Structures are given as C-alpha cells and as structure tokens.
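Q: this one's structure only:
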Ligand code: 5GP
Ligand code: MG
Ligand code: MG
C-alpha cells in the first residue's frame, strides 16, 4: 500500500473538498437564520463527525457551543443494530438548551434514533439533526432529519471523517474505495 497517496485508493469521488465546504456554508446559513436570538449547542458524534463539526462550526458568524458524544452500536461489521452504549457522554447539561446533533452519515438511522430519544429525555429546549450525508434506508426512520448535506446511494463511502478500518478519515474528499483496498 502506498501510504503517501491515499487519495489514489478512491475509485470514485462523490464530493470534492470544495463541494463539501460550499454545502456546509449553505447549511450553516440556514441554521443561523432558524436560530436567530437562540443559543446553539452543536453536539458532534465521535469519531466520524469531527471534520463536519470543525468545518460547519467555522461557517457560522455567530456564537455557538460545541460538545461531543461517543457511542458504540453493537452490530456486525458495517451494520448497526440499534443497541447503543455511551462511551463518552456530554460534559454539558443540555436542559433548556437548543441542541443540534451533528453527524457525518445516517445509514439505518438506528444509532441516531437512540441518541435523539436519549438527549430528549434530558429536557432540552429542542433537538434537531444536521448530517452531511444520508443513505436511502434512513428515509424510513421515524426521526426527522432537519438538515441534510447530500443524499447518496447505498454505497460504502470513506473520507472526510468516514473510515474504513479507522483509515481514510483524513481525506479531504469523499468517495468509494477501489476493490484492491478490501482484499
Ligand atoms: P446507522 O445507525 O445510521 O446505520 O449508522 C451510522 C454509522 O455507520 C455512521 O456514523 C458510520 O460510522 C457508519 N456508516 C454507515 N454508512 C457508512 C459508510 O458508507 N461509510 C463509512 N465509513 N461508515 C458508514
Ligand atoms: Mg457518525
Ligand atoms: Mg466507522
């Protein structure tokens, strides 16, 4: 494996750095307009949402706060089961706060449904979701996702926070991996 050219492992680039940044700029503007006069707490879901959080937050021209949660969903390999364990909880008391969950990707939405009901039980003023990517299956979930960067086909993508075996998170673009990477 040529460690110095990981971008070359992408067989198909779905979104370039420029596309991602411009979409995050649009989302930040929409969110700003919606939350005028209210304070915002962005809750990033580790580890995939690190890049989205960092860039989305920097597209805001107003104050906001950021906190993080790490959850692990029990499941086989690439599919989650909806059974979730908190690995790292929020440091913030969210009661009375306007919370926006920031995600990299929603596939089945099982992890997110669990997270929304968990956070809702802490009596926040509101809970909404912003995700950069959404897969088709997520359209069937009961939770309403207010802000979606892009709807994508049912393919396994990496880059911009999204990993394959903990690699490729540091790519600036998002794409699918060449078959040789899996073998
Ligand atoms: P869900 O509970 O929505 O099925 O699971 C979402 C999580 O599965 C994401 O946060 C991510 O960790 C992982 N995931 C789902 N689809 C993909 C994908 O296409 N690529 C990568 N790298 N991870 C994915
Ligand atoms: Mg995630
Ligand atoms: Mg992963």
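A: Arrived safely. Please read these numbers as outputs of a predicted model, since none were measured by experiment. Ligands and ions are numbered 1, 2, ... in the order given.
Q: separation between the residue of the chain found nearest ligand 2 and ligand 1?
A: At 3.6 Å from ligand 2, residue 48 is the closest residue in the chain, using Cβ to the ion. To be clear about C-beta, it is placed using only N, CA and C from the backbone, and glycine gets the same treatment. Distance, residue 48 to ligand 1, using Cβ to the nearest ligand atom, to the nearest Å: 5 Å.
Q: try residue 123
A: Residue 123 is 24 Å from ligand 1, by Cβ to the nearest ligand atom.
Q: distance of that residue from residue 82?
A: Per Cβ to Cβ, to the nearest Å, residue 123 is found 23 Å from residue 82.
Q: and the two? which has more neighbours close in?
A: Between residue 123 and residue 82, counted using other Cβ atoms under 10 Å, the more crowded position is residue 82 (14 against 11).
Q: residues in contact with the more buried one?
A: For residue 82, the contact set (Cβ atoms under 8 Å, 6 or more residues apart in numbering) comprises 73, 108, 110, 111, 113, 114.
Q: got phi/psi on residue 168?
A: Backbone torsions of residue 168, given as degrees, to the nearest 10, read phi 80, psi 0.
Q: so it versus ligand 1, what's the distance?
A: 8 Å.
Q: beta partners for the closest residue to that residue other than its chain neighbours?
A: Closest residue to residue 168 apart from its sequence neighbours, by Cβ to Cβ, 6 or more residues apart in numbering: residue 158 at 3.9 Å. Taking DSSP bridges as the rule, residue 158 bridges to residue 175.
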